[in-house]
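Participant: Here is my input; please provide its structure:
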Amino acid sequence: MAEIREMFLKLDTNNDGHLTIDELENGMKEISQIFHLEEPDVMDMLKAADVDGDGKIDYTEFIAAAYKKEKLLTN
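Facilitator: Reported below is the predicted structural model:
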């Protein structure tokens, strides 16, 4: 859990509590490592993890995606 929190904070470069498409793209190497994915499609990943549909991933959505990585692979 600490690793996931650390990853979220690292990816959230503007410290607003949400991950945008740009932040996800910039952190792709780290995202691939934590979710054990090979070059995931960032937009598909954002859509799959963005439960509330606001176009961003908040911390709760990030945690849920980390524990259900198969959600990131299917839409």
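Participant: Show me what counts as buried in the helix or strand hosting residue 60.
Facilitator: Residue 60 is located in helix 59-67, with elements delineated by DSSP states H and E. By neighbour count on 16 or more other CB atoms under 10 Å, the buried set for helix 59-67 is 61-63, 65-66. Where C-beta positions appear, they are placed from N, C-alpha and C, glycine not excepted.
Participant: now the strands for this structure?
Facilitator: Using DSSP state E, the strands of the chain run over 18-19, 57-58.
Participant: Redo those strands as CSV? Include mean pLDDT, mean neighbour count and distance to residue 8.
Facilitator: Formatted as CSV, the strands of the chain follow (pLDDT from 0 to 100; neighbours: other CB atoms under 10 Å; distance: least, CB to CB, whole Å):
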stretch, mean pLDDT, mean neighbour count, distance to residue 8
strand 18-19, 94, 22, 7
strand 57-58, 94, 23, 9
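Participant: Let's have those in JSON lines, adding distance to residue 43.
Facilitator: Shown next, in JSON lines, are those (distance: least, CB to CB, whole Å):
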{"stretch": "strand 18-19", "distance to residue 43": "13"}
{"stretch": "strand 57-58", "distance to residue 43": "12"}
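Participant: Need the residue closest to the centroid of this protein.
Facilitator: By CA atoms, centre = their mean, the chain has its centre lying nearest to residue 62, at 5.2 Å.
Participant: which non-adjacent residue is nearest that one?
Facilitator: Leaving out its chain neighbours, the residue that sits closest to residue 62 by CB to CB, 6 or more residues apart in numbering is residue 8, at 5.0 Å.
Participant: Please give me every residue in contact with that neighbour.
Facilitator: If a contact means CB atoms under 8 Å, 6 or more residues apart in numbering, then residue 8 has 19, 59, 62-63 as its contacts.
Participant: And residue 19, by the same measure?
Facilitator: By CB under 8 Å, 6+ apart, the neighbours of residue 19 are 8, 11-12, 27, 46, 56-58, 62.
Participant: Please identify which pair of the residues you listed lies farthest apart.
Facilitator: Between any two of the contacts of residue 19, the greatest separation by CB to CB is 15.4 Å, found for 27 and 58.
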